[in-house]
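K.L.:
When you get a sec, could you give me coordinates for this:
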Amino acid sequence: MSIYTELAQGLLKIAPENEEEFIWMEDNGLRFGLKHKKDYSGLMAKIKPEYLKSARKKQGYFDFLGITGVWGKIKHDALLEKLLDNVTIEECKCIWRGKIPQNLTESKKNILITLAILMFEQEVNFGNEIWQRPSHFSPDIENPRFRRPRDLLMGYIDMVFCLGKLSSINRFKNERGHLLPPPKNSDLERRFFTSLQNDEEAEALMTGSILESFERCVANQPINKDKKKYYAGLSR
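P.N.:
Residues are numbered from 1 along each chain as shown. This next block holds a predicted model:
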């Protein structure tokens, strides 16, 4: 079973319940898993005023905080630095494909599990669905191996490993330090992102039966609080 399917099953179990945490695994006293942000309290549920009209009705319903051992609320820069210092690009791609490599040291395993949780966050919060924000890497429902939301992170990881320095991605961030999609039709996009397409072992999460499970889970949930206020304003 893919690690993303395992995490999805855990999130689907706790999202509609009072239970907040799903602990995926423990390693020498360190906990790894998810803490669901109930009642649209996560950052992904916050809708800026200029996007209220176009935002999806249940944006951010499945948003969660990663429980990542010693790393806490690790940001992409810190993650990339730890990956560059501790693991190989092949091990990162193994996680991207949904598998945990064999024979890992404790430090390697912990940072790679953390990578898996951050990639899972991309799969859950970005895409075509009613609870997601739009993505340049939205999956193709008919071809789950074509493209995955987690490709955004994998492409920049590949770039950092290839160029050997974290600063190589600095110009591809917004003012808040979040990674932006690569320039369209650029050599960068072709080399590090388009090259990920149609990988035989890497499937997008939100397709098939898993997508159907998420759709059933969210169907009867209330809409995003910001979107609700927007609709209320239109009816006045």
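K.L.:
what's the longest helix along the chain packed up against?
P.N.:
Longest helix in the chain, counting residues (DSSP state H): helix 106-125. Judged by 3 or more C-beta pairs under 8 Å, 6 or more residues apart in numbering; DSSP states H and E, helix 106-125 is in contact with helix 3-14, strand 21-27, strand 30-36, strand 64-68, helix 76-86, helix 89-96, helix 151-163. The C-beta positions use only the backbone N, C-alpha and C, and glycine is treated the same way.
K.L.:
Identify each buried residue in the third one, please.
P.N.:
By 16 or more other C-beta atoms under 10 Å, the buried positions in strand 30-36 come out as L30, F32, G33, L34, H36.
K.L.:
Quick check, the first one in contact with W71.
P.N.:
No - when contacts are counted by C-beta atoms under 8 Å, L30 is not listed as touching W71 (9.3 Å).
K.L.:
Counting neighbours, which bits of stretch 156-175 end up buried?
P.N.:
Buried residues in stretch 156-175, defined by neighbour count with 16+ other C-beta under 10 Å: Y156, I157, D158, M159, V160, F161, L166, S168, I169, F172.
K.L.:
Kindly indicate which of these lies nearest L79.
P.N.:
I157 (8.7 Å; C-beta to C-beta).
K.L.:
shouldn't that closest one be in contact with E91?
P.N.:
No - proximity of I157 to E91 does not meet the contact threshold set by C-beta under 8 Å, at 10.5 Å.
K.L.:
for P183, what are its contacts?
P.N.:
If you count contacts by C-beta atoms under 8 Å, 6 or more residues apart in numbering, P183 has them with E189.
K.L.:
which SS state does it fall under?
P.N.:
The three-state assignment at P183 reads coil, by DSSP: H, G, I helix; E, B strand; the rest coil.
K.L.:
I'd like to know how far it sits from I157.
P.N.:
With the distance defined as C-beta to C-beta, to the nearest Å, P183 ends up 18 Å from I157.
K.L.:
residue contacts, E91?
P.N.:
Shown in contact with E91 (C-beta under 8 Å, 6+ apart): P101, L104, K108, L112.
K.L.:
now it: how far from I67?
P.N.:
Look at E91 and I67: by C-beta to C-beta, they are 21 Å apart.
K.L.:
now do W96
P.N.:
As judged by C-beta to C-beta, W96 and I67 stand 20 Å apart.
K.L.:
So these two - more neighbours on which side?
P.N.:
Taking neighbours as other C-beta atoms under 10 Å, W96 and I67 compare with W96 leading, 24 against 19.
K.L.:
you'd agree that one is up against F120?
P.N.:
No - in this structure, W96 is not within contact of F120 by C-beta under 8 Å, at 11.1 Å.
K.L.:
residues shared between the contacts of these two?
P.N.:
Overlap of the contact sets of W96 and F120 (by C-beta under 8 Å, 6+ apart) consists of R150.
K.L.:
pLDDT wise, what is G72 at?
P.N.:
In this model, G72 is scored at 84, pLDDT.
K.L.:
can you count the residues close to it?
P.N.:
G72: 12 neighbours (other C-beta under 10 Å).
K.L.:
Likewise for the one 10 residues further on?
P.N.:
Neighbourhood size, K82 [other C-beta under 10 Å]: 18.
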